[in-house]
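K.L.:
quick one, structure for this:
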Amino acid sequence: MHQLHIDMPLMIAVLLASGVSAIAIFSASNSSENFLMSHLVSIGLSILAMIVAAQFSPLFYSRISPWLYAVCLILLIAVFFYGETRNNATRWIDIGISFQPSELLKIAMPLIVARYIASGSIPLNNINIVASLILVLLPTALIFKQPDLGTSVLIAFSGLVIIFLSGIKKRYLFSAITLFLGCLPFIWKTIHPFQQQRVLTFLDPESDPLGAGYHIIQSKIAIGSGGLFGKGWLNGTQGQLDFLPERTTDFIFSILAEEFGLIGVLFIISIYLFIVGRGLLIAINSDDLFSRLAASSISLTFFIYVFVNIGMTSGLLPVVGVPLPLISKGGTSSLTLMASLGILMSLHTHKRLIPK
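P.N.:
Model prediction:
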């Protein structure tokens, strides 16, 4: 398997999560065999994408990163002119197949920022910091305007974490945090009313229990009612009786918590922690700066995706429409996530690394 550039510990964790996903999706879709088969096909294609991505060397990803980043920017701009609008958001574009260009940034962002920083000296000087921030904030702003607050924040994190890991001075970090906090009132005025409502609902969901707060209230009921061992597979009342919204995507975690309880939740979280830990171990053992930075970004961004989804379904964070990695139903999202894990495998298994 190593000759095929497959990291077996990571592959086993992905297969375990995929198995959990199939179980959860079958329950969340009210035992729909057709829906399950469609999801299994999506899982199969995603795993294939991961294996294919693992075959290319880190040098290949370093070289294509500027081109991939440029294509993403072009597609994001094209969305504003030729994009499809769904649910008051223009995020999709049709080029024979309909997809979200922002999903490609999940791959392009860590690669381009890691390449740029690795091509210079560490720690970064002022010019390199500004240039790195431009690389991160330009596509982030385009995604934010679609509007897609959740994805824009996660894409920005995948780039900013690399800048942080490159060893910037503490005073720059403190200044950035202070500037961000100072800009919060302005940011609040620029986000859409429905996004403001999500934040307000997060702060007080009981203020509108049958409206804006309905989703999170039902999710918390499902999670809490699971207890220690859960109600059993296909026996969850919140999910099976259609109280939970977006059961196969955003709130799949609530289904799992209700049916398998705290024990099941801890099992799922342990899989996620293993994947993140394995990714960070790959980063630590990498021999070149590009691989270390890219692997760190992919691993930590994966952790943030998990943290945000579990946080929003349990009422710890506002609902921002982020699926649960490897488990939620999702076409393009699942494909790009698995491809990122394939790149992580590549960074570990290819011994001909980036020349200094």
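K.L.:
is it correct that Gly232 is in contact with Gly261?
P.N.:
No. With contacts counted by CB atoms under 8 Å, Gly232 stays clear of Gly261, the gap being 9.4 Å. Bear in mind the C-beta positions are built from the backbone N, C-alpha and C, glycine included.
K.L.:
more neighbours: which of those two?
P.N.:
Gly261 (19 against 11; other CB atoms under 10 Å).
K.L.:
that one sits in which helix or strand?
P.N.:
Counting by DSSP states H and E, the element that carries Gly261 is helix 252-285.
K.L.:
what about the helices in this structure?
P.N.:
8-28, 33-54, 58-82, 101-118, 126-144, 149-165, 170-190, 193-203, 214-225, 237-240, 252-285, 289-313, 332-349 (DSSP state H).
K.L.:
what lies in contact with the shortest one?
P.N.:
Residues outside helix 237-240 that contact it (CB atoms under 8 Å, 6 or more residues apart in numbering) are 27-28, 30, 218, 221-222, 225, 231, 234, 243-244, 247, 254-255, 258-259.
K.L.:
just to revisit the earlier point, got CSV for the helices of the chain, with distance to Val322 too?
P.N.:
CSV is the format used below for the helices of the chain (distance: least, CB to CB, whole Å):
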stretch, distance to Val322
helix 8-28, 16
helix 33-54, 17
helix 58-82, 19
helix 101-118, 12
helix 126-144, 13
helix 149-165, 5
helix 170-190, 19
helix 193-203, 12
helix 214-225, 14
helix 237-240, 19
helix 252-285, 11
helix 289-313, 5
helix 332-349, 9
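K.L.:
least reliable of those going by mean pLDDT?
P.N.:
Least confidently modelled of the helices of the chain is helix 193-203, at a mean of 73 by mean pLDDT.
K.L.:
if we can go back for a sec, which one, of the helices of the chain, ends up nearest to Ile95?
P.N.:
Of all these, helix 58-82 sits nearest to Ile95, with 8.3 Å by CB to CB.
K.L.:
any idea how far the closest one is from the middle of the chain?
P.N.:
Centre-to-centre, helix 58-82 and its host chain are 18 Å apart (CA atoms, centre = their mean, to the nearest Å).
K.L.:
report the buried residues of that helix.
P.N.:
58-59, 61-62, 64-65, 68-69, 72-73, 75-76, 79 (16 or more other CB atoms under 10 Å).
K.L.:
among the residues you listed, which two are most distant?
P.N.:
Across these, the longest distance by CB to CB is 31.2 Å; it joins Leu59 and Val79.
K.L.:
tell me which residue lies nearest the centroid of this protein.
P.N.:
Taking CA atoms, centre = their mean, the centroid of the chain lies closest to Tyr305, which sits 4.1 Å from it.
K.L.:
OK, contacts around that residue?
P.N.:
The neighbours of Tyr305, taking CB under 8 Å, 6+ apart as the test, are Leu154, Val322, Leu324, Pro325, Leu337.
K.L.:
check which helices and strands the strand ranked longest in the chain sits against.
P.N.:
Ranked by residue count under DSSP state E, the longest strand found in the chain is strand 89-94. Counting contacts by 3 or more CB pairs under 8 Å, 6 or more residues apart in numbering; DSSP states H and E, strand 89-94 is packed against helix 58-82, strand 84-86, strand 98-99.
K.L.:
could you dump the ones you listed into a markdown table and include distance to Leu111?
P.N.:
Converted to a markdown table, the helices and strands packed on strand 89-94 look like this (distance: least, CB to CB, whole Å):
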| stretch | distance to Leu111 |
| --- | --- |
| helix 58-82 | 4 |
| strand 84-86 | 27 |
| strand 98-99 | 19 |
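K.L.:
which one of the ones you listed lies nearest to Leu316?
P.N.:
So among the helices and strands packed on strand 89-94, strand 84-86 is nearest, using CB to CB, at 27.7 Å.
K.L.:
strand partners of that closest one, parallel vs antiparallel please.
P.N.:
Here strand 84-86 is paired, per DSSP bridges, with strand 89-94 (antiparallel).
K.L.:
pull the number of nearby residues for the residue lying closest to Gln55 once chain neighbours are set aside.
P.N.:
Distances taken as CB to CB, 6 or more residues apart in numbering place His5 nearest to Gln55, at 5.7 Å, with adjacent residues excluded. Neighbourhood size, His5 [other CB under 10 Å]: 19.
K.L.:
understood, closing this out.
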